[in-house]
Structure formats: structure tokens, C-alpha cells
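**Q** Model the structure of this input:
(chains A and B)
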Amino acid sequence: MPFKIISSQCTSCSACEPECPNVAIREKGGTFVIDPKKCTECLGHFDEPQCVAVCPVDNTCVIDTSLPRYQAPA
Amino acid sequence: MDVSVQHEASGNVADVGEIMQAIADHKGCGTTGGSGKASCGSSAGQGDLPTEIWEKVKNHPCYSEEAHHHYARMHVAVAPACNIQCNYCNRKYDCANESRPGVVSEKLTPEQAAKKVLAVASTIPQMTVLGIAGPGDPLANPEKTFKTFELIYNTAPDIKLCLSTNGLMLPDHVDTIAKYNVDHVTITINMVDPEIGAQIYPWIFYKHKRYTGVEAAKILTDRQLQGLEMLTERGILCKINSVMIPGINDKHLVEVNKAVKSRGAFLHNIMPLISAPEHGTVFGLNGQRGPSAQELKALQDSCEGEMNMMRHCRQCRADAVGLLGEDRSAEFTTEKIMAMEVKYDSDTRKAYQAKVEEERVAKVAAKQEELAELAGASSDIKVLVAVATKGSGLINEHFGHAKEFQVYELSTAGAKFVGHRRVDLYCQGGYGEEDSLETIIRAINDCHAVFVAKIGGCPKGDLIKAGIEPVDQYAHEFIEKSAIGWFRAYLDKVNSGEIEHVERGDAAIRQGALISAA
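**A** Numbers count the residues shown, from 1 in each chain, chains lettered A, B, ... in the order given. As a prediction, this is how the structure comes out:
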């Protein structure tokens, strides 16, 4: 499941951007966003998701369960 | 382990204190007459510093207390990312009225930063130093940091470059730092014992992994000390910043002082913890207090061996502009800078700097004259006095206009700068204008006198009631010369029995935001 950044908590410090092995993170409207199509949760790259590990605000980079593909089919 | 370290450390406090007293007595700490040699800290002129180091620091406000009256620095906030978490830092809080490290109002690209530096240097000829201090860690943003240095190095090579880092990535970047002629680096080292470090740093991010606890602190301290050694080997000047956190690292900082001194750091800056609850830091929220003025001074005094102690740090913002203690960053917002037409004029800057040198020579001469008068006097009495000054080493500020007071320790050895106290109105609950006089008295409560250019009758009476003598007879004269003159008269009065010398109490270090009255 890909990660998302809770924008109200993002300090816009940019620490996550260069750490992402998939170049999935970019600045948008003052905070940073993760492209869910590119995010692999760092599987195959690192032991832990890099954005989560480097983010200064806990629980700001979280698994995005709201995406349609994680919802039970109607 | 913890306990034994603490015991050992407190033993050292006493030892170092005794040794220092002996050294101070022997050398005449502060200033010795005739030779013009000042032996204490970065407070006075060249002092015991080797000439090659003095040449590097004499125009650097953050390294020389004396220089900060004359020269200005600016920080550019190009480095927002950080790779460690500190319990005294909360990056989310940004307030234009707040002055403390880690806080900025806007982030800049390296290109914007370079333009800002040229704009400021052209407007403020005393601007000699550009620092990158965050708001995160410069070396957690190496591309942005070094791109900024490169741009400035190429357009304004006379501006000194410096950076302030937590040290985690320092060993990887020492060669690049040397390449851009960055000759001043500040490393924040709060501990050399990982057990203590674990109480200050909840985690670090290193080599794609988050480390916590003692393991994190161990990596951090190893990297910091390695980086320090690599820099001093290359002749790059290193200052160490330490945050004094009572009950956590206060006693331990004597150990830190020894560790950094033995690795070639030339200046140690022990700063009081800033931990107001509204800053939202871990220490602010869990009620961790900062040190009192007396506790801070005692620690600084006990660390003052062959190593210089810095006592004039104003703990400024990562985008501060101007002389220490003032902040002109609002004049240089990105919008204003981009609209400015900048012409870099190095002649005006050279002319200003020549004038400063003349002022300095005059000040030193005045002090020597007064010291000669004091020669022969012998007394164990030491007193602190507060001084209201706008700079240039003069008593030239009105009591009511002072945003801070400088504190000098007077003894028969002379006048020694030992610190400063912020007293202006702070954005902190419970302190309104009506009790600002009380706040000032609390801030300089350890002083016997306060030197001012002018003072009203009302505060004069309250100060006398509090046991602090308001002194306005030396208005617009040199600080050290006046203070020594006053002290000579004080000793005479004590000796003749006219007054009795009594010790003063402790003073409070103000927390929170500095509101610039400008």
C-alpha cells in the first residue's frame, strides 16, 4: 500500500524528497505529496519506508487506505 | 554508570573551578595592564589567540564579543531538512516575533539566498559574515548549502562563509567545506556520553535508517568528534555550541568541554536551554527548565581553561540579519530583494572596516589608562554590573530603551565581559508592560550597578530599592574604562567603611520571543 503525507502536519522541510528511492515525492502547494502510482513503500530498496523514517513529525507519512483499490468492491 | 559519571563530573567542576581561580589570580583574568593582553575568552581583543586565528575571527560577530559591536552577520535559510530530532527543537513553530534557532519565516533557494546576501552586504557595510544554520541542518541539505556557498564565493569573495551543523554528516563533507573556503564551522555537541545523549535526542536518520536511544546517540557523538578532528586537521576554525539542560547535561558539559578542547576546537559556547511551553518542544512540554544566570555563569567559568568561552551568543534565528541582538530580516524579504537593484560596492565596505579599526584602538587605549590607575589595588571583591549599550563599546543607551544589558565582572584585574541579559517585552503570557521594570530587575538582579546613558527618576528609585545602583555619570563613555573607574571608587568606599560590600542574588534568563522594537 502506498504512503501519503498528511498535509496539515507537513512542515514542508523537504527532508523526505531526496530520500525517496522512487522519486515519488514532490512539492505541491506549500507541502509535499507522494505520487501513489510511484510509491512502493520502499520494498526492495530499504528495510523501512524512508519518508516515514526521516519525517520530523510522527504519523505524518502514513499508509493511504482511502484509495479506491483498498476499498472493498461495491 | 550514570551516577558515577555524574559524580566524577561534579568532582571536576570543583577541580576546574579551583584551577581556574588559580589561573585567573595568576594571569589577572580579563585584562592585564601594560602588555594589552586579555586572557579571558573571546570577550576582549586578540588576547591569547594566535595571530592567524585572530585575523580570521576579529571581524566575525559570532566568534568575537568585541567584533559583534561593529560587525553584522546574516543567516540564509536554504537548508530546511534535518536528520536528527532534538528535544529542544520543534520545527513546526514559526512566528515572526520569535527569535530562537531553528525558526524562519521563509525558505530561500540558493539563487534567492545569493541575491539576498549581496543586497544586504550593499546596504549594511558592516555585514562581514554569511552563515547557513538551517532551519534544519545545512549538511542534511548539502546541494542547497554548497550551491549557496559557491554563488557567494564567486561574487563576493570578501564575505566570510560559515555553517552550523549537528555534525552527523560532517565527516562526509569536510573536503567540500574546505573547497569553498568555509573557515568557520560550528558544531552543536551536547554530550559525549550516549546515555546522556539518549535523553536529548529521540532519534537520528543515518544511512537510510532511523536509529533511536543510546544507539542513535553513540553514532551521533562518534560522527561529531570525527568531524571536529577532520576540520581542525585542515585548519578550519571550529566553535562548539552546547545547550545547557539542567539535570541532564549540565555537569556533563565539563566533560564535553575537555573532549572538544583536546580535539582542537577553539571556542566553546554554552547556551541556556530555551524551553517555553508554547514552543511545543518536548522539553517545553515536559516542564524541563533552563538554567538561571548564576548556574550558566558558574558552568562557563568552570570550563574556561586554556579554551575561550563565548558568552555573547544571542541564540538568533536561522534567517537573522544584522548585528547580534537586532534582526533586520523584515527589510530583506524575498519579495523586496527580488525587486532590488543590487550593486556590490566593496570600497564602502573597506572604508567602514578601516573606521572600525580606529575605534577599536581608541577603546583599548582608554581601558589601559584606567587599568593603570587600578594597578596596585588589591581586593578579593568581584562584582557584576549591567551596561546599556547600542554598540561601539560605549555606554550609549537609555535605560528604558535597552533591549538587553551587557554584564561585566569587575575585579582588581579589570573588567571582563561575562554575558548579556535580554529584557525587552516578550511574547510570553503574564508579562505585560506594567511589570516590565520588575522583569528588568529580575534579569540583572545579580548586578551591583547598571550603567546607562540616561534614566528616569521613577525607575531610578525602584532600582535603588532593589539594591542596584543606577549610574549615568559615564554617559557616552567607553564601557570598560568607566566600569573600572566606578569599581575603583566602589573599592575606596568599601575600604573607608562608607559602604559595606554585600553579595547579590541570582538572576533570571528570559525565555521566549524577542520582539524587535525597531
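
**Q** interface residues of chain A facing chain B?
**A** Taking Cβ under 8 Å from any Cβ of the partner chain, the part of chain A that reaches chain B is made up of A:11-15, A:18-19, A:46-48, A:50, A:53-54, A:56-57. Using the backbone N, CA and C atoms, a C-beta is placed for each residue, glycine as well.

**Q** any idea which of those residues is closest to B:Leu437?
**A** The closest of those to B:Leu437 turns out to be A:Thr11 (Cβ to Cβ; 38.5 Å).

**Q** Spatially nearest residue to B:Lys218 (excluding sequence neighbours)?
**A** Leaving aside its chain neighbours, B:Lys218 sits nearest to B:Pro194 (4.1 Å; criterion: Cβ to Cβ, 6 or more residues apart in numbering or on different chains).

**Q** okay, the one you found: pLDDT?
**A** Reading off the confidence values, B:Pro194 has pLDDT 97.

**Q** hang on, B:Ile270 is in a strand, isn't it?
**A** Yes: under DSSP: H, G, I helix; E, B strand; the rest coil, B:Ile270 sits within a strand.

**Q** so how many other residues sit close to it?
**A** Counted with other Cβ atoms under 10 Å in any protein chain shown, the burial measure for B:Ile270 works out to 25 neighbours.

**Q** Surely it and B:Asp250 touch.
**A** No: counting by Cβ atoms under 8 Å, B:Ile270 stays clear of B:Asp250, with 9.3 Å between them.

**Q** Mind listing the shared neighbours of those two?
**A** Residues touching both B:Ile270 and B:Asp250 by Cβ atoms under 8 Å, 6 or more residues apart in numbering or on different chains: B:244, B:299.

**Q** now the helices: where do they sit in chain A?
**A** Along chain A, counting by DSSP state H, helices occupy A:16-19, A:50-54.

**Q** Burial-wise, tell me which of these comes out on top.
**A** With neighbours taken as mean count of other Cβ atoms under 10 Å in any protein chain shown, the helices of chain A reach their highest mean count in helix A:50-54, at a mean of 23.

**Q** What average pLDDT does that one get?
**A** In this model, helix A:50-54 has an average pLDDT of 95.

**Q** That helix - contacts with which helices or strands?
**A** Applying 3 or more Cβ pairs under 8 Å, 6 or more residues apart in numbering or on different chains; DSSP states H and E, one finds that helix A:50-54 makes contact with strand A:3-5, helix A:16-19, strand B:209-212.

**Q** What residues sit buried inside the last one?
**A** Neighbour-count burial for strand B:209-212, with 16 or more other Cβ atoms under 10 Å in any protein chain shown as criterion, is recorded at B:210-211.

**Q** average model confidence for the next helix or strand after that strand?
**A** Once the chain leaves strand B:209-212, the next helix or strand it forms, by DSSP states H and E, is helix B:213-233. Per-residue pLDDT values across helix B:213-233 average out to 97.

**Q** residues making contact with the helix or strand just after helix B:213-233?
**A** Sequence-wise, the next helix or strand beyond helix B:213-233 is strand B:237-244, with elements assigned using DSSP H and E. By Cβ under 8 Å, 6+ apart, the residues outside strand B:237-244 that reach it are B:53, B:56-57, B:62-63, B:88, B:164, B:183-190, B:228, B:231-232, B:249-250, B:253, B:256, B:260, B:264-273, B:290-291, B:295-296, B:299, B:310, B:313.

**Q** Quickly list what the closest residue to chain A within the stretch 101-250 of chain B is bridged to.
**A** Using Cβ to the nearest Cβ, the closest approach of the stretch 101-250 of chain B to chain A is made by B:Arg210 at 4.0 Å. Taking DSSP bridges, one obtains B:Phe205 as the residues bridged to B:Arg210.

**Q** partners of the helix or strand containing B:Ser164 in the sheet?
**A** Here B:Ser164, judged by DSSP H and E, is contained in strand B:160-165. Using DSSP bridges, the strands paired with strand B:160-165 in its sheet are strand B:127-132 (parallel), strand B:184-188 (parallel).
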